[in-house]
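1. Predicted coordinates and the sequence they were generated for:
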Amino acid sequence: MHGLRRLSALSGGLLPSSRLWIVAFLLPAALMAVLFLYYPLIFIVRMSFTEKDTFLSPGGPLYTITNYLDLTGRYAPNILVTIKLAGLATLVDLAFGFPFAYILIRKVRYRDLVRAIMVFPMFGALYIAFGMRFVLLPGGFLTPILQLLGVEGAQVLYGLPSTVFAMAIFTFPFMVMNIGAALSNLDPMLEEAATCLGARPWQTLARVILPLVRSGVIAGCLVCFGWNVGAFAEPLLLGSLEEQRSLAWTLYQRGVVQLDYGLSATMGVVLLALAFSVNYLSLRYSRGGLVE
Amino acid sequence: MNLARLRRHLADLISHAYIWGCLLIFVTPFLALLSYSFEKVGGVSLVNYEYVFGSFMDNLLTSVRVSGAAVLINLLISLPAAYGLVRYRYPAKGFILSALTLPLYTPAAVLGLSLVLTYNFTYKLTTSIWGLVFAMVVGTFPLMVVPIVVALKDLPQVFEEASLSLGATRWQTYWRIVFPLIGPGISAGILLSFVIVFNEYLVTLFVSPPGVTTAPLRVFNLVRTAGLLNTTAALAATLQIISFIAVLIFFRLFGTRYLKGTYLI
């Protein structure tokens, strides 16, 4: 008893427990985040309220809200296209990702191999978009197969389908990851019980599986959507002029090419708000935090 | 009886075919790039790869240098941060971790824009390669810190206490006990941030100083301006192969445990 208390007192005193140490451990990371993340983000929020490039004019910036009025007026289609592309890609991910995750968790033993191959889309949307261009061009990699299916490659290139498809490939692993995590917590006995009690497969799916993995499905959809609103290379390389209106690319054009800092910053703020709100919701649906 | 078995086999067959079909679609863009990278007028050749190690060599070296510096700085920041986050009790810990991992949810275009504007108007970092390196560090910080946090949480504190009570100094304890034991977590962090930084083109497009072009940015520029070139395909294929080899080596050594909760499943 006495020894135990001494030991616990000892171990309590072993770690450097003063507040100073905590601050010292966290300071470099905090400094980094403040200097290169929070300050820049606050900076563009402030800049989004200035007119065009008056931020650097000697008389001081001209504060205005015309940028936001522009964005909800003239540039409303850009926001809508961004949301439409991200939404469609998320739906494609869900349609293909749910069966994929189910089979992966319930039937597949070579899961590590699948994981290794699924790493490929993560290397970047740029390679996906570039590769898809090669695939779809006339005389391309898949032309014979596409012709067999009655699709002319050049017709789907530079348009909505190829853009959405590339975006869906890029975020597919996020969907599978979220649904898979929910499914692996689900006891297969529940499905067997439903079958034994006379449920048809679709009844088991609708009444047993779906309600139990709902949070995983929602989290997966939100994460995919959050990634896809920031899509840059896919609309640019695979889309028509319509898809190229997506916010990330327009923001680059206005800000870096045409130097309309105010408007570009406003687009950045809107994009940021979209991504953050969606990801905040997804965190609430996925399971707990990393540190308690 | 036989019919039911046949049906079950058929269902299994379709399931596995579905998985492999999806995986095939995943690698199709890569395979297309690979097959085009070997193409040459009138046959197959490796001549496109001469460009990769010829005129693209500079870009590859820039990429390696930037990735190396970014990963190293990231590691030096993340190790103490993860330790401070796991080993101490204080209020609002979850909030602090969320605040530090926020870059994961920031669209790359927004991060790039905000950084290039502050570099221009406040930090005067536009002509320095360090601006690019710091942008990479802040973007991949969550990927480095999360696996280390996971590994540290798995490591009981008694090892450190034993080491300290046996007379080791704090440094000895970190170097000989803690770091080796959380090695897989650290490696996972290094792998993730390397793979992402090495293939990053979007933030780079915004913040890269004049005259500095990393390999993925070169791919992006060439695809935009020069159209579809076999040499560009060769460069893109090389970058993906290097990344994939890094991932495979890691999977072989450590499995997938420490990649949970991050980008890669």
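-> Nice, thanks for sending it over.
2. Now do the contacts for residue B:40.
-> The contact partners of residue B:40, taken as Cβ atoms under 8 Å, 6 or more residues apart in numbering or on different chains, are B:47-48, B:230. The way it works is simple: take the backbone N, C-alpha and C, and place the C-beta from them, glycine included.
3. measure it to residue B:51 for me?
-> Per Cβ to Cβ, to the nearest Å, residue B:40 is found 12 Å from residue B:51.
4. Now residue 118. Nearest residue, chain neighbours left out?
-> All of this refers to chain A. Spatial nearest neighbour of residue A:118, excluding adjacent residues (Cβ to Cβ, 6 or more residues apart in numbering or on different chains): residue A:173 at 4.9 Å.
5. my question was about chain B
-> Closest to residue B:118 by Cβ to Cβ, 6+ apart is residue A:40, at 4.4 Å.
6. what helices or strands is whatever helix or strand residue A:215 lives in leaning on?
-> Residue A:215 belongs to helix A:214-228 when assigned by DSSP states H and E. Helix A:214-228 sits against helix A:76-106, helix A:160-184, helix A:261-285, with contacts defined as 3 or more Cβ pairs under 8 Å, 6 or more residues apart in numbering or on different chains; DSSP states H and E.
7. what's in contact with the helix or strand that comes right after that helix?
-> Per DSSP H and E, the first helix or strand lying C-terminal to helix A:214-228 is helix A:233-238. The contact list for helix A:233-238 (Cβ under 8 Å, 6+ apart) reads A:85, A:124-126, A:128-130, A:132-133, A:157-159, A:162-163, A:166-167, A:170, A:243-246, A:248-249, B:201-202, B:220, B:223-224.
8. just how off-centre is the helix or strand containing residue B:66 within its chain?
-> Per DSSP H and E, residue B:66 falls inside helix B:57-87. The chain centroid and the centroid of helix B:57-87 are separated by 10 Å under Cα atoms, centre = their mean, to the nearest Å.
9. which intervals of the chain have sub-threshold pLDDT?
-> Let's take chain A. A:1-17, A:53, A:55-59, A:139-142, A:152-155, A:286-292 (pLDDT under 70).
10. please go with chain B instead
-> B:1, B:41-42, B:256-265.
11. how is it carved up into domains?
-> Domain assignment for chain B by automatic domain parsing gives B:1-37, B:47-259.
12. if we can go back for a sec, the residue nearest to residue B:118 touches residue B:114, doesn't it?
-> Yes. Because the distance of 3.6 Å satisfies Cβ atoms under 8 Å, residue A:40 is recorded as touching residue B:114.
13. circling back: show me which residues of the helix holding residue B:66 are buried.
-> For helix B:57-87, the neighbour count (16 or more other Cβ atoms under 10 Å in any protein chain shown) marks B:59-60, B:62-63, B:66-67, B:69-71, B:73-75, B:77-87 as buried.
14. contacting residues around the residue nearest to the spatial centre of chain A?
-> Central residue of chain A (Cα atoms, centre = their mean): residue A:227, 1.9 Å from the mean position. Counting by Cβ under 8 Å, 6+ apart, residue A:227 touches A:170-171, A:174.
15. can we see that at 6 Å?
-> Neighbouring residues of residue A:227 by Cβ atoms under 6 Å, 6 or more residues apart in numbering or on different chains: residue A:171.
16. quick revisit: what about the residue nearest to residue B:118, how many residues nearby?
-> Other residues within reach of residue A:40, judged by other Cβ atoms under 10 Å in any protein chain shown, total 27.
17. For it, give me its contacts.
-> Counting by Cβ under 6 Å, 6+ apart, residue A:40 touches B:114-115, B:118.
18. Please identify the helix or strand for it.
-> helix A:39-47.
19. what's the following helix or strand after that helix?
-> Immediately after helix A:39-47, counting by DSSP H and E, sits helix A:66-72.
20. Mind exporting the C-alpha coordinates of that next one to PDB?
-> Backbone C-alpha positions of helix A:66-72 (Å, rounded to 0.1, in the frame of the first residue of the first chain) are rendered in PDB as follows:
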ATOM      1  CA  THR A  66     -19.800  44.200 -54.000                       C
ATOM      2  CA  ASN A  67     -17.700  41.000 -54.300                       C
ATOM      3  CA  TYR A  68     -20.400  39.100 -52.400                       C
ATOM      4  CA  LEU A  69     -23.200  40.700 -54.400                       C
ATOM      5  CA  ASP A  70     -21.300  39.700 -57.500                       C
ATOM      6  CA  LEU A  71     -20.800  36.200 -56.400                       C
ATOM      7  CA  THR A  72     -24.500  35.600 -55.600                       C
END
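21. filter the buried residues of helix B:57-87 by proximity to chain A?
-> B:77, B:80-81, B:83-85 (Cβ under 6 Å from any Cβ of the partner chain).
22. Neighbours of the residue in the stretch 151-292 of chain A positioned nearest to chain B, how many?
-> Nearest residue of the stretch 151-292 of chain A to chain B: residue A:230, at 2.9 Å (Cβ to the nearest Cβ). Counted with other Cβ under 10 Å, residues neighbouring residue A:230 total 25.
23. cool, and the one 5 residues further on?
-> For residue A:235, the number of neighbouring residues by other Cβ under 10 Å comes to 28.
24. what does the stretch 51-200 of chain B have sitting close to chain A?
-> Counting by Cβ under 6 Å from any Cβ, the stretch 51-200 of chain B sits next to chain A at B:77, B:80-81, B:83-85, B:88, B:93-94, B:97, B:100, B:103, B:105, B:107, B:109-110, B:113-115, B:118, B:134, B:138, B:149, B:161, B:164, B:199.
25. among those residues, which ones are buried?
-> Applying 16+ other Cβ under 10 Å to those flags B:77, B:80-81, B:83-85, B:88, B:93, B:97, B:100, B:103, B:105, B:107, B:109-110, B:113-115, B:118, B:134, B:138, B:149, B:161, B:164, B:199 as buried.
26. taking those residues one by one, which sit in helices?
-> B:77, B:80-81, B:83-85, B:93, B:97, B:100, B:109-110, B:113-115, B:118, B:134, B:138, B:149, B:161, B:164 (DSSP state H).
27. Helices along chain B, start to end?
-> Under DSSP H, chain B gives helices at B:2-37, B:47-52, B:57-87, B:93-100, B:108-118, B:129-154, B:158-165, B:170-172, B:179-181, B:183-198, B:202-207, B:215-226, B:230-254.
28. so which of the ones you listed gets nearest residue A:51?
-> helix B:108-118 (15.2 Å; Cβ to Cβ).
29. Tell me the buried residues in stretch A:67-86?
-> A:67-68, A:70-71, A:75, A:78-79, A:81-86.
30. ends of that stretch, how far apart?
-> 24 Å (Cα to Cα, to the nearest Å).
31. Quickly check: it near chain B or not.
-> No. Under the criterion of Cβ under 6 Å from any Cβ, chain B is not reached by stretch A:67-86; the shortest gap measures 10.3 Å.
32. How about residues contacting that stretch?
-> Taking Cβ under 6 Å, 6+ apart as the rule, stretch A:67-86 contacts A:48, A:225, A:228-229, A:245-247, A:250, A:262-263, A:266.
33. Would you mind giving those as TSV with neighbour count added?
-> Converted to TSV, those look like this (neighbours: other Cβ atoms under 10 Å in any protein chain shown):
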residue	neighbour count
A:48	21
A:225	24
A:228	29
A:229	26
A:245	20
A:246	30
A:247	29
A:250	22
A:262	26
A:263	25
A:266	28
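34. Smallest gap between the stretch 51-200 of chain A and chain B, at which residue?
-> Of all residues in the stretch 51-200 of chain A, residue A:131 sits closest to chain B, with a separation of 2.5 Å (Cβ to the nearest Cβ).
35. Leaving aside the residues adjacent along the chain, what's closest to that residue?
-> Counting by Cβ to Cβ, 6+ apart, the residue nearest residue A:131 is residue B:29, at 2.5 Å.
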